[in-house]
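Undergrad: structure of the sequence below:
(chains A, B, C and D)
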Amino acid sequence: MSTEKDKHGHHDHLREGESYYAARTKALESLFREKKLIGTDTVDRVINFFDLEMGPFNGAKVCARAWTDGEFKKRLLDDCNAAIAELGLRDGIEGENLKVVECTPKVHHMVSCTLCSCWPWPLLGLPPYWFKDPVFRARVVREPREVLKDFGVELDPSVRVEVWDSSAQIRYFVLPNRPEGTEGWDEEKLAALISTEAMQGLDLVTA
Amino acid sequence: MSTEKDKHGHHDHLREGESYYAARTKALESLFREKKLIGTDTVDRVINFFDLEMGPFNGAKVCARAWTDGEFKKRLLDDCNAAIAELGLRDGIEGENLKVVECTPKVHHMVSCTLCSCWPWPLLGLPPYWFKDPVFRARVVREPREVLKDFGVELDPSVRVEVWDSSAQIRYFVLPNRPEGTEGWDEEKLAALISTEAMQGLDLVTA
Amino acid sequence: MKLQQYLGGLENLGPVNVEKRVFVEDWEARLFGVHMTMMGTGIWAWPHLRVKAEGMNPLDYFKYRYYIKWLGGMCAFLIERGYIDENELDELTAHFLANPDAPLPEKGNKNITDKVVDYLWTGDDPYRDVVINPIFREGQRVQVKDMPSAVHTRLPGYLRNKIGVVDEVYPKAILYSDSVPTDSVSTPQPIYRVKFMTRDIWADIPDTDDIIYNDCFETYLEAA
Amino acid sequence: MKLQQYLGGLENLGPVNVEKRVFVEDWEARLFGVHMTMMGTGIWAWPHLRVKAEGMNPLDYFKYRYYIKWLGGMCAFLIERGYIDENELDELTAHFLANPDAPLPEKGNKNITDKVVDYLWTGDDPYRDVVINPIFREGQRVQVKDMPSAVHTRLPGYLRNKIGVVDEVYPKAILYSDSVPTDSVSTPQPIYRVKFMTRDIWADIPDTDDIIYNDCFETYLEAA
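TA: Now for the predicted structure:
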């Protein structure tokens, strides 16, 4: 193997197309199976786990409860990991230390990870494409309002923006403003209004 | 015209191919002629000027004289613009303030312009592609020896590298080491050995 | 400067890709499953992947989708560490490229699945129960150091040399990673949530009340 | 951060393109001729072109050849300043695209050629004969300021916050440009050749005796 290959070989593979990536991924899983580093059902189970157990439906449930129960909200802001257990939710990977930041009519919170893609998995599942986009990560800290416009959200200029750039092990979660016109709604109906983006500050909740 | 076009329109044109660039350049010159902002022979004359009047043949002549005339070399290092006039050479654009730096067996000089493409036109003509390559400009200041390797030059590790990064109006010119085995050669024969790259420190002169 | 360590604040990039799916190709989900298995069985951890990402050509970093970069990083790591053989991987890749519907071998270790799911629920708490004596206190002005470039960092480049105020001193020591070369965050140490005025980072922004919070390892800070 | 202002020191970029020609396509030479005409007749100067370059998407900046970027910058400038009409340019471009051998109009101003050649021989000396009182002296330690990002700068990003020694105080004031927005180099001012040890800029380089010289405008420096 040449030095050139040592230095650039692995990157060269990136230049191939989707069918190559798919085949190489399959080859990787295949070798893991041959070497008994994985179970035959492990990959399916992981995918299924993030479809059904760790996903944004958890975060939406937490928001809806916080909107309807002021005492719960206090406990949530004080100790997120303890509070979500009250709802039967578990924390876990990428959520060992969760922290909720609450939007108000005067302050809008947004979460970023300019160094990688830190994200509160137990409450939101896996991060969407946009959160991992280098362009999002580059722009969100310096020009958060312009980034919001790319998501179709126009923020009132009087609202202060606070960006939480994750780089240690705290995972931030945004409690959005409860929309007007939802008085008396039950938690399930409220939860259905809440997008993944709203729980990281890239969307506003409307009824 | 939409805002989007205002913001990105001109860059969009860059995505076209060579025949587009050629046609657009021709359209530009054509409009300049229509508007009498240019002469019919101006472009040809400019190209010809850098083929015959301002080119690396000037720099090579200066090096050869400096190698064979110690007093001239002193004057050259002291005041380049004055010294080259002795050889019948003129300065001019991008050479209003020339400065010669002399290589020794212990010190190797290299010139860069990390912010754009500053280059001593009266002595070397126009900068070659590599000098304007963002990769060259990014790497030359931090890892000059590695960059030299891309040019096929391996520098003895005991030699100190001094990089001259142009960002004001001084234009640097490298006087390379005279190669061994050229004792008694006349200036013309010496000048023929010297590449453009050697006069910016990206090549060594060999006989 | 490794551009990936300085992404925050980079200008003139154009619009964000607002794609909301996690995986945009089926293979990405399966690759993620393999990655999660590597995490859950201790083959690697986030820092290994991040080292690969920060060592990439910055133009390629922008050019390729997230999971395409993961694929490159995972394969390189597994080959380097001897988990798999490059030729074997290349041959199998060619095989599946020619036969996309060829089945995966019905082999494996059935205990792994439970282990991985257990890991997902347990996570990997970075807090370490060691005595810490944080040298900064809440409300104190701190300046972010301009550390030499490292193989891997947790210090966002745009904060270097900037001054902020300690907003919270976290109660315990955090271990980032003791298995990859970093700019000294590989020992357990105090971390601080530091509050920066965005205008102190970029003097030319129009929104002068905006704030950026960042959790800084103690080694990145000095008194201002 | 505008990446074009921080090119020096960017890592992991791969090999240099060692192409030694000036122009790699015929149209590039002709474009250069038009540019030189614009310079020689005062339509624009280097700073205008550099402003365009620094305002580009940094990925495009790496992606496109030098003169392709010039073409974009020249056209944008000429349209903005009303020298040419965009539709007219687009239509003529389409015309020459369909008829590559169509001749250029035999019109023009025959005085321009001499004017341009005269300009090439004369240049544009930036020294201004005004009294200067340089605040730093030869041998003095200076620190490069971390100026706010600007539309256009002559301060290489990699030198920000770094300490060097004044190697030469140039004898006269230099005017960089009074017609483009810069970070304050648009008034005549002293400049200094500053000598930096490369290891003081990048602590991890192996060649600890290497040196970088840079000519700094006074406004970029403070006493260290």
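
Undergrad: give me every residue that touches C:Ile174.
TA: A:Ala168, A:Gln169, C:Pro126, C:Tyr127, C:Arg128, C:Pro188, C:Gln189, C:Pro190, C:Ile191, C:Phe217 (Cβ atoms under 8 Å, 6 or more residues apart in numbering or on different chains). Placement of C-beta: from N, CA and C, glycine included.

Undergrad: quickly list what it is bridged to.
TA: C:Ile174 forms beta bridges with C:Tyr127, C:Gln189, as assigned by DSSP bridges.

Undergrad: adding neighbour count and pLDDT, write the contacts of C:Ile174 out as CSV.
TA: What follows is these, written out as CSV (neighbours: other Cβ atoms under 10 Å in any protein chain shown; pLDDT from 0 to 100):
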residue, neighbour count, pLDDT
A:Ala168, 20, 93
A:Gln169, 21, 91
C:Pro126, 18, 86
C:Tyr127, 16, 86
C:Arg128, 13, 87
C:Pro188, 18, 93
C:Gln189, 19, 94
C:Pro190, 20, 96
C:Ile191, 30, 95
C:Phe217, 23, 97
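
Undergrad: in a markdown table: those, plus distance to A:Ala22.
TA: Below are the contacts of C:Ile174 laid out as a markdown table (distance: Cβ to Cβ, whole Å):
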| residue | distance to A:Ala22 |
| --- | --- |
| A:Ala168 | 35 |
| A:Gln169 | 33 |
| C:Pro126 | 34 |
| C:Tyr127 | 39 |
| C:Arg128 | 41 |
| C:Pro188 | 41 |
| C:Gln189 | 42 |
| C:Pro190 | 45 |
| C:Ile191 | 40 |
| C:Phe217 | 39 |
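
Undergrad: send the alpha carbons of stretch C:39-47 over as PDB?
TA: This file holds the C-alpha atoms of stretch C:39-47, laid out as PDB (Å, rounded to 0.1, in the frame of the first residue of the first chain):
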ATOM      1  CA  MET C  39     -20.500   2.300  21.100                       C
ATOM      2  CA  GLY C  40     -22.400  -0.200  23.100                       C
ATOM      3  CA  THR C  41     -19.700  -2.800  23.000                       C
ATOM      4  CA  GLY C  42     -16.800  -0.400  23.800                       C
ATOM      5  CA  ILE C  43     -15.200  -0.600  20.300                       C
ATOM      6  CA  TRP C  44     -15.200   3.100  20.200                       C
ATOM      7  CA  ALA C  45     -16.800   6.300  21.600                       C
ATOM      8  CA  TRP C  46     -17.700   9.700  20.200                       C
ATOM      9  CA  PRO C  47     -14.200  11.200  20.500                       C
END
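
Undergrad: and it, how far out from the chain middle?
TA: 12 Å (Cα atoms, centre = their mean, to the nearest Å).

Undergrad: and what of stretch C:98-108?
TA: 32 Å.

Undergrad: and of the contacts of C:Ile174, the nearest to B:Arg142?
TA: C:Phe217 (25.7 Å; Cβ to Cβ).

Undergrad: how about the helix ranked longest in chain A, does it reach chain C?
TA: Longest helix in chain A, counting residues (DSSP state H): helix A:18-34. Yes. Helix A:18-34 lies within reach of chain C by Cβ under 8 Å from any Cβ of the partner chain, at A:18-34.

Undergrad: distance between the strand or helix carrying C:Thr113 and the chain's centre?
TA: Using DSSP states H and E, C:Thr113 falls within helix C:111-122. Chain-centre distance of helix C:111-122: 21 Å, with Cα atoms, centre = their mean.

Undergrad: other SSEs contacting it?
TA: helix A:42-52, helix C:26-40 (3 or more Cβ pairs under 8 Å, 6 or more residues apart in numbering or on different chains; DSSP states H and E).

Undergrad: close to chain B: what parts of chain C are there?
TA: Counting by Cβ under 8 Å from any Cβ, chain C comes close to chain B at C:Gly14.

Undergrad: okay, now C:Val116: neighbour count?
TA: 23 (other Cβ atoms under 10 Å in any protein chain shown).

Undergrad: so where do the strands sit in chain C?
TA: Under the criterion DSSP state E, chain C contains strands at C:127-128, C:141-144, C:163-169, C:173-174, C:191-197, C:211-217, C:221-223.

Undergrad: which single residue in chain A comes nearest to chain C?
TA: A:Val43 (3.1 Å; Cβ to the nearest Cβ).

Undergrad: wait, that residue sits on C:Gly33?
TA: Yes. The criterion here is Cβ atoms under 8 Å, and A:Val43 meets it with C:Gly33 at 3.1 Å.

Undergrad: need the overlap of contacts for the two.
TA: Shared contacts of A:Val43 and C:Gly33, counting by Cβ under 8 Å, 6+ apart, come down to A:Glu29.

Undergrad: care to break chain A down by domain?
TA: A:16-50, A:55-200 (automatic domain parsing).

Undergrad: for chain C, that is, sorry about that
TA: Split by automatic domain parsing, chain C gives C:3-122, C:128-223.

Undergrad: and which of the contacts of C:Ile174 is nearest chain B?
TA: Closest to chain B, out of all of those and judged by Cβ to the nearest Cβ, is C:Phe217, at 25.7 Å.

Undergrad: in the sheet, who's paired with the closest one?
TA: Assigned bridge partners for C:Phe217, using DSSP bridges, are C:Ile191.

Undergrad: please pull out the lowest mean pLDDT helix or strand from the chain.
TA: Since you didn't name a chain, this refers to chain A. When each helix and strand of chain A is scored by mean pLDDT, DSSP states H and E, helix A:3-14 comes last, with a mean of 49.

Undergrad: think we crossed wires, I meant chain C
TA: Per mean pLDDT, DSSP H and E, strand C:127-128 ranks last in chain C, at a mean of 86.

Undergrad: distance of the nearest residue to A:Gly92 once chain neighbours are set aside relative to C:Lys115?
TA: Residue nearest to A:Gly92 in three dimensions, not counting chain neighbours: C:Trp121, with 4.4 Å by Cβ to Cβ, 6 or more residues apart in numbering or on different chains. From C:Trp121 across to C:Lys115, the span is 11 Å (Cβ to Cβ, to the nearest Å).

Undergrad: all strands for chain A, in order.
TA: Using DSSP E, strands in chain A cover A:98-102, A:107-112, A:160-165, A:171-175.

Undergrad: mean confidence (pLDDT) on the last one, please.
TA: This means strand A:171-175. Averaged across strand A:171-175, pLDDT comes to 98.

Undergrad: who does it pair up with?
TA: Applying DSSP bridges, one finds strand A:171-175 paired with strand A:98-102 (parallel).

Undergrad: go through the partner strand and flag the buried ones.
TA: A:Leu98, A:Lys99, A:Val100, A:Val101 (16 or more other Cβ atoms under 10 Å in any protein chain shown).

Undergrad: cool, stretch C:13-21 as well?
TA: C:Leu13, C:Pro15, C:Val16, C:Val18.

Undergrad: can I assume the second one is in contact with A:Asp150?
TA: Looking back up the chat, that one is C:Pro15. Yes. Between C:Pro15 and A:Asp150 there is a contact at 5.1 Å, judged by Cβ under 8 Å.

Undergrad: ok, now which ones touch the most centrally placed residue in chain C?
TA: In chain C, the centroid-proximal residue (Cα atoms, centre = their mean) is C:Arg50; its distance is 4.6 Å. For C:Arg50, the contacting residues are A:Leu115, A:Cys116, C:His152, C:Val180, by Cβ under 8 Å, 6+ apart.
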